[in-house]
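Engineer: here is a sequence together with a model predicted from it:
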Amino acid sequence: MSSTTAESGLARARRGVAPGGSGTAPGKRKSKLSAQATRTFFWLLLPSVILLVLIHGYPLIEAAIQATHDGNLLQTGNFVGGENFATVLSSAAFWKAAQFTLWFTIVGVFGSWLVGLGLALLLRTKIPAGNTFKVLLLLPWVVPIVVSSTAWNWLVATPDSLIPSIFRNLGLGTPLFLADPTLAAVTVMMFKVWVSFPFMMMMTSAALASVDNTVYEAASMDGASRWQQFTQITLPLIARSTYISWILMTIFCVNDFPTIYLLTGGGPVNATTSLVVLAYRTVFQDFATGPGVAIAFLMTMTLVVISVILYRQIRKSSVE
């Protein structure tokens, strides 16, 4: 092959033209195909987007109307602007419910995550009957919440229930778990951890499954301790999954109605009344639709802010 032919081939290669090609750069062809694919995806997704907007848009618009009127379940009433929001924000009951919701969410999210993380790490080891053990651990999440709440009521509701009887036989008195405000709040939070840890366990197990064991072997050869491997390798590598699970569990906890209502009904003396329970009572018991929907709007805005913050952490947690 002559030097002229070789130089011509190199020049064509620099321009991105394949030997014997027509001279159209692959980048231009890819760009054209990419534009066509984008248009195709747009038209394929458009019907679904329109359907979602109609399904979710109408309730949001109707809720906004209700939140700015003084009506009830039967009629919209008169326009009052932001008066319902002002009434809610100046209510002591709202702030008490917000405080309980905050603690309920913190304990529910991080309590279930710590239990789920510990069990996921345990299941990562080769324990006997590991798969059977994992299935059994899923039961609190799989069993209907009505069944779980009934079981917990049977365990703690009365002085003659199983757990108060055990305390009494041990000489520790007879705690009234659902009658004492503090104990009732603690019991509801523990109940939330109980029904939620299987979800966190599965999320963490899936994330741990993607971590290559050779990473730990290399760290061990470099003299890293178990704790250093956990903090410097395990947690960073599962950070994205962790933040996603926190976002989902935060939404679950803030919007959780049956866990609280079936166990305590929001009592005693409103000690376990969360914002969603307060919104329910306001709308369906007090028939004050405007303030009740305003509470729901405030909950939604708070969840959006929290989700945005955690989503930013997800983007920062990318492991190069």
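Structural biologist: That came through fine. Residues are numbered from 1 along each chain as shown.
Engineer: need the contact list for the closest residue to S149 other than its chain neighbours.
Structural biologist: Leaving aside its sequence neighbours, S149 sits nearest to L262 (C-beta to C-beta, 6 or more residues apart in numbering; 3.8 Å). Placement of C-beta: from N, CA and C, glycine included. Going by C-beta atoms under 8 Å, 6 or more residues apart in numbering, L262 touches I145, V146, S149, T150.
Engineer: show me those that map onto helices.
Structural biologist: I145, V146, S149, T150 (DSSP state H).
Engineer: from those, which would you call buried?
Structural biologist: For those, a burial check counting by 16 or more other C-beta atoms under 10 Å picks out I145, S149.
Engineer: looking at the ones in helices among the contacts of L262, which one is closest to Y311?
Structural biologist: Taking C-beta to C-beta as the measure, Y311 sits nearest to I145 out of the ones in helices among the contacts of L262, at 28.0 Å.
Engineer: so what pLDDT did that closest one get?
Structural biologist: We have a pLDDT of 92 for I145.
Engineer: cool, and the one 4 residues further on?
Structural biologist: Among the per-residue scores, S149 shows a pLDDT of 92.
Engineer: can you pull the contacts of it?
Structural biologist: S149 touches F191, P258, T259, L262, L263, counting by C-beta under 8 Å, 6+ apart.
Engineer: who touches stretch 79-89?
Structural biologist: A67, T68, H69, D70, F94, G290, P291, V293, A294, I295, F297, L298.
Engineer: highest neighbour count among those residues?
Structural biologist: Using other C-beta atoms under 10 Å as the neighbour criterion, I295 leads those with 28 neighbours.
Engineer: which secondary structure elements does the helix or strand where it lies contact?
Structural biologist: Take DSSP states H and E as the rule and I295 turns out to sit in helix 289-316. If contacts are counted by 3 or more C-beta pairs under 8 Å, 6 or more residues apart in numbering; DSSP states H and E, helix 289-316 sits against helix 26-67, helix 83-89, helix 239-254, helix 275-284.
Engineer: just to revisit the earlier point, closest to S34 out of the ones in helices among the contacts of L262?
Structural biologist: I145 (47.0 Å).
Engineer: follow-up on the earlier one: can you redo the contacts of L262 as a markdown table with distance to L102?
Structural biologist: Shown next, in a markdown table, are the contacts of L262 (distance: C-beta to C-beta, whole Å):
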| residue | distance to L102 |
| --- | --- |
| I145 | 22 |
| V146 | 26 |
| S149 | 22 |
| T150 | 28 |
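Engineer: from those, which is closest to N169?
Structural biologist: Proximity of those to N169 (C-beta to C-beta) peaks at T150, which lies at 24.0 Å.
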